[in-house]
Each structure stands twice: as structure tokens, then as C-alpha cells.
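[1] 3D, please:
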Amino acid sequence: MIVFRDRMARGRSRTGWLDSRHTFSFADYEDPAQMGFRALRVINEDRVIPGAGFPTHRHRDMDILTYVLAGALEHKDSLGNGAVIRPGEVQRMSAGTGIMHSEFNASTVEPVHFLQIWIIPDRVGLPPSYEQKVFPIEERRGKLRRVAAPDGRDGAVTVHQDAHLFVANLESGEGIAHEIDRGRGVWLQLARGIIALNGTEMREGDGAAIEGEPSVAIEADTDAELLLFDLG
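    Next up is the predicted model:
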């Protein structure tokens, strides 16, 4: 079964500096029917104007992934980490027992466009930790590249949950497939372009929950970028 999540049905938060779309319930957007998918709790698509961002705030007991689509995002946290995240990189911050951090647009002239993803860890009280890795376009072009996994396999960042995140960049006309083991579920989030998922069109910002299917087939109608979560 595939249940599609239309981009226009997402929640939205807008301020003078932030335009955020919420696939699942988040902050002031509450929908009891959209509380996440398995351990995947949040997918926020954020656009932040130049020089602005999220001031220092606290998280705990959540694995947070950041995936930049355009621009650059500057990160600082209470562990002493300071880094700039750019397209092709994945940041993983495990909040664990508690972490303070800030995220700002690293540019004073260009906006930043990124996805913030929350995954519920398999246990609470973990020590907070941080990781950031680069995944060159050559590794993502025309295929699914694993970028997050519970054991850090294939050079992925490590998450504390039975969750695997793959990313792919497809050219118009390209197709890929993903086999789904019995009992697992897949969430597909389309970051850019137009694709067909098992024959049904999806456009930028659309999502899909997939359960009870042996596999999915993805065909790109335009150049496209997607994230695929394979969840226990």
C-alpha cells in the first residue's frame, strides 16, 4: 500500500526570516493523523533569508539530520562543534541527554534551503554527539546512496535507530528501484523535480508512505533529487 502526502497539505510556518513546510505535526502545526511514520518523526523543509536563523535552543532524546539543498547553513553547539553544512553533506546531531545548538544562514546575500529531519532513537539517555560527512554527487547520481544507517555502513553517518536514509539524484528519464524487506516500511520524500513512484506522479515537496510492498520503482520525469527512508 502507498499513501501519498501532498505537498500542499503540509503545515506551514512563516515569519519575517523563515518559511517552513511541515510534513508531520511540528510546533504550532498539529494534526493527529500526521504524527510521523514509524521512527521518522519530523521532515521540515526550511528556507531562511540571508544572515538569519535559529538562535541557541535545546533538544534532547532525538537524532536530528540536516540535509542542505541550496546555500549554506552554519551550525554551533554546546559540545564545541562549529561547521558549515553545504549541499552534498549530511549532518547528524544526537541530542541524547541534552544539547544546545544554533543554526544560521552562513551567507549574508543568498538564502539557504534545507531539510531538517528528526528520527526517534531506540533508547533515551544517550550521550549527545555530532557527525558530518560529505557524499559527492558522483556517489548519488543515478543511484541510491546510503547516507545514514544504524551501523554507519558504507561510510554513512550513524543513527540510533533501525533506520536507513538513502539519497539519489536522477536525470530526466532515469529510473531506480528499491527492494523492501518484509515487515519494513519506506518513506519517500521528493526534494526536487517530478517523478513517478510505481506509476503515480510526485512533485517537489510530496511524500509517500509505503508498506506491504515488495519494492518501489522510481522514474524521473525531470531532473530530480529524493530521500528514501527504509525503516524497521
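
[2] quick one: the helices in the chain?
    137-140 (DSSP state H).

[3] Just want the most central residue of it.
    Nearest residue to the geometric centre of the chain (Cα atoms, centre = their mean): residue 117, 4.4 Å.

[4] Let me see the contact set for that residue.
    Contact partners of residue 117, counting by Cβ atoms under 8 Å, 6 or more residues apart in numbering, are 40, 42-44, 64-67, 165, 227. For the C-beta atoms, the positions are set from N, CA and C on the backbone; glycine is no exception.

[5] Mind listing the residues bridging to it?
    According to DSSP bridges, the residues that bridge with residue 117 are residue 43, residue 65.

[6] What of residue 176?
    Bridge pairing for residue 176 - DSSP bridges - gives residue 218.

[7] Give me the neighbour count for it.
    Residues within reach of residue 176, counting by other Cβ atoms under 10 Å, total 18.

[8] With the one 5 residues further on instead?
    Close neighbours of residue 181, defined as other Cβ under 10 Å, add up to 8.

[9] average pLDDT for stretch 194-214?
    What stretch 194-214 shows for mean pLDDT is 98.

[10] Pull the residues that contact it.
    For stretch 194-214, contacts defined as Cβ under 8 Å, 6+ apart pick out 1-7, 10, 21, 23, 37, 43, 45, 170, 179-180, 185-193, 216-222, 224, 226.

[11] could you check the distance from the spatially closest residue to residue 229 that is not a sequence neighbour over to residue 90?
    Nearest in space to residue 229, with sequence neighbours left out and distances taken as Cβ to Cβ, 6 or more residues apart in numbering, is residue 187 at 4.3 Å. Residue 187 sits 16 Å away from residue 90, taking Cβ to Cβ, to the nearest Å as the criterion.

[12] ok, back up a step: looking at the contacts of residue 117, which is nearest residue 74?
    Nearest to residue 74 out of the contacts of residue 117 is residue 66 (Cβ to Cβ; 11.2 Å).

[13] That closest one against residue 112, yeah?
    No: judged on Cβ atoms under 8 Å, residue 66 makes no contact with residue 112 at a distance of 10.5 Å.

[14] That'll do, ta.
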